[in-house]
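Enquirer: Got a predicted structure here, sequence first:
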Amino acid sequence: MRQAGRDLLNFCSNDYLGFASDPRLLDALRSAAGVGAPASRLITGHLEEHEATERLLASLVRLPEALLFTSGFAANLGTIPALVGPDDVVFSDALNHASLIDGCRLSRARVEVYPHGDLEALEQALRARRGAGNALIVSDAVFSMDGDVADVAALRGLADIHDAWLMVDEAHGLGVFGPQGAGVCAAAGVQPDVLVGTLGKSFGASGAFVAGAPALRAWLINRARSFVFSTAYPAALLPVLRAAASLVEAADDRRRRVLEHAERIRREARGLGYEVPEGESPIIPVLVGSNERAIELGRALEERGVLVVGIRPPTVPRGTARLRITPMATHTDTDVDHLLEALAAIRSPA
Ligand SMILES: *Cc1c(COP(=O)(O)O)cnc(C)c1O
């Protein structure tokens, strides 16, 4: 990509499969019947094409139905308060995405934040639950700043035992994991009660959907305020989503490639002495400690033609500033060589 007039290798993109600039998606865009939508879906914004696209997205994630939202942030802000309220309790992983956190807050449910990935703590909290209200367990599928993958099978088990709903945000799982890119849940053979998929990452477009039972979709249509009171998903992107869905489904080679790149970067960065936590996704955090160091290393990489943005608190916990490296399927081995050479060159005696 070009930035400030020079070419940089982008190792800081959520476009894992490299479809955001794919000519086939541009062709689909040109075939669109319209651009925007005249109103919200419940007024006059609804198109038959919305439903056709939703059916396609639901089948991609192997769930009965889906509903489009204009962004993942809007999907989470609308969905959680539609499902739980002041009499209910949400169990939320400490590293969940900001949009899930804000959805929880907006719901006015009691929120029990459990330490990241700590299933024992979650089970204890579920056991200690009192009252007649509903319970909802909420988790990212792939944690967006740490790149580790949630144990969704264990979460499903706990939800079943303790009579809770399970909501999984597949923002970084969709397209990358699972059969035909169906996500982390599909890879584990797990059906969450609520699955959120975003369309601005592996799909290379924009927007999101919430998938689950027909009753969930019907409920959200009337209760998710970010759906009810917001202009319908733009017509221009509906054919793009359908084209992207078929590209994503057929992209086994790209999935393999991006995961191979990630494995190599993790291994070789560790070999260079960097602190890289365990993980299996294309999100590779390189912990550098201080904010200043993160910025400094980001700049030094940029001088070597590699774009990796330093991530600092409050996006991540204090003292865990990091470089967050994300390879793409369209990177060549030479591109990855270049990244690793740059990482070697800027490494300083700690
Ligand atoms: C990116 C992201 C979102 C927000 O999706 P947008 O479509 O960009 O608003 C929600 N959840 C997670 C886990 C994300 O990484």
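Expert: Received it, and whenever you're ready, just let me know what you need. Numbering: from 1, shown residues only.
Enquirer: going forward, measure contacts between C-alpha atoms and count neighbours the same way
Expert: OK.
Enquirer: list the contacts for the residue in the chain that the ligand sits nearest to?
Expert: Nearest to the ligand in the chain, going by C-alpha to the nearest ligand atom, is G72, at a distance of 3.3 Å. G72 sits next to S99, A171, V196, G197, T198, L199, G207, A208, F209 when contact means C-alpha atoms under 8 Å, 6 or more residues apart in numbering.
Enquirer: For the stretch 251-350 of the chain, just list every one of the helices.
Expert: 252-271, 291-303, 333-346 (DSSP state H, counting those that start in this stretch).
Enquirer: Let me fix that, I meant to ask about the stretch 101-250 of the chain.
Expert: Using DSSP H, counting those that start in this stretch, helices in the stretch 101-250 of the chain cover 119-127, 152-161, 184-188, 214-223, 225-228, 238-249.
Enquirer: So which of those is nearest A37?
Expert: Of all the helices of the stretch 101-250 of the chain, helix 238-249 sits nearest to A37, with 11.2 Å by C-alpha to C-alpha.
Enquirer: before we move on, back to that, so which of the helices of the stretch 101-250 of the chain gets nearest V84?
Expert: It's helix 214-223; of the helices of the stretch 101-250 of the chain, that one is closest to V84 (C-alpha to C-alpha) at 11.1 Å.
Enquirer: what helices or strands is the closest one leaning on?
Expert: On a contact count with 3 or more C-alpha pairs under 8 Å, 6 or more residues apart in numbering; DSSP states H and E, helix 214-223 meets strand 65-69, helix 72-83, helix 225-228.
Enquirer: quick one: which of these is nearest A94?
Expert: Nearest of these (C-alpha to C-alpha): helix 72-83, 16.1 Å.
Enquirer: which residues sit against stretch 142-156?
Expert: Applying C-alpha under 8 Å, 6+ apart, the external contacts of stretch 142-156 come out as 95-97, 117, 119, 137, 139-141, 166, 170-173, 184-185, 188-192, 277-285, 316, 324.
Enquirer: for stretch 250-267, same thing?
Expert: Identification of contacts with stretch 250-267 by C-alpha under 8 Å, 6+ apart yields 16-17, 175-177, 180-181, 276, 280-284, 326-330, 333, 336, 340.
Enquirer: Filter those down to just the ones in strands.
Expert: Residues of the contacts of stretch 250-267 located in strands (DSSP state E): I284.
Enquirer: quick one on the thing from earlier: dump the helices of the stretch 101-250 of the chain into JSON lines; add mean pLDDT, distance to the ligand and mean neighbour count as well.
Expert: Conversion of the helices of the stretch 101-250 of the chain to JSON lines gives the following (pLDDT from 0 to 100; distance: least, C-alpha to the nearest ligand atom, whole Å; neighbours: other C-alpha atoms under 10 Å):
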{"stretch": "helix 119-127", "mean pLDDT": "97", "distance to the ligand": "19", "mean neighbour count": "16"}
{"stretch": "helix 152-161", "mean pLDDT": "98", "distance to the ligand": "14", "mean neighbour count": "18"}
{"stretch": "helix 184-188", "mean pLDDT": "98", "distance to the ligand": "13", "mean neighbour count": "21"}
{"stretch": "helix 214-223", "mean pLDDT": "98", "distance to the ligand": "17", "mean neighbour count": "16"}
{"stretch": "helix 225-228", "mean pLDDT": "98", "distance to the ligand": "12", "mean neighbour count": "20"}
{"stretch": "helix 238-249", "mean pLDDT": "98", "distance to the ligand": "13", "mean neighbour count": "21"}
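Enquirer: mind putting these in TSV, distance to E263 included?
Expert: Listed next are those as TSV, based on distance: least, C-alpha to C-alpha, whole Å:
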stretch	distance to E263
helix 119-127	26
helix 152-161	22
helix 184-188	17
helix 214-223	37
helix 225-228	38
helix 238-249	21
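Enquirer: So for A28, which of those helices sits nearest?
Expert: Counting by C-alpha to C-alpha, A28 lies closest to helix 238-249 out of the helices of the stretch 101-250 of the chain; the figure is 5.1 Å.
Enquirer: tell me the contacts of K201?
Expert: N14, D15, Y16, A171, H172.
Enquirer: Test for you: state the pLDDT assigned to A208.
Expert: With respect to pLDDT, A208 has a value of 98.
Enquirer: swap in P38?
Expert: Looking at P38, its pLDDT is 89.
Enquirer: Leaving out sequence neighbours, find the closest residue to it.
Expert: Nearest non-adjacent residue to P38, counting by C-alpha to C-alpha, 6 or more residues apart in numbering: G45, 5.2 Å away.
Enquirer: Which parts of the chain belong to which domain?
Expert: 2-17+251-347, 23-249 (automatic domain parsing).
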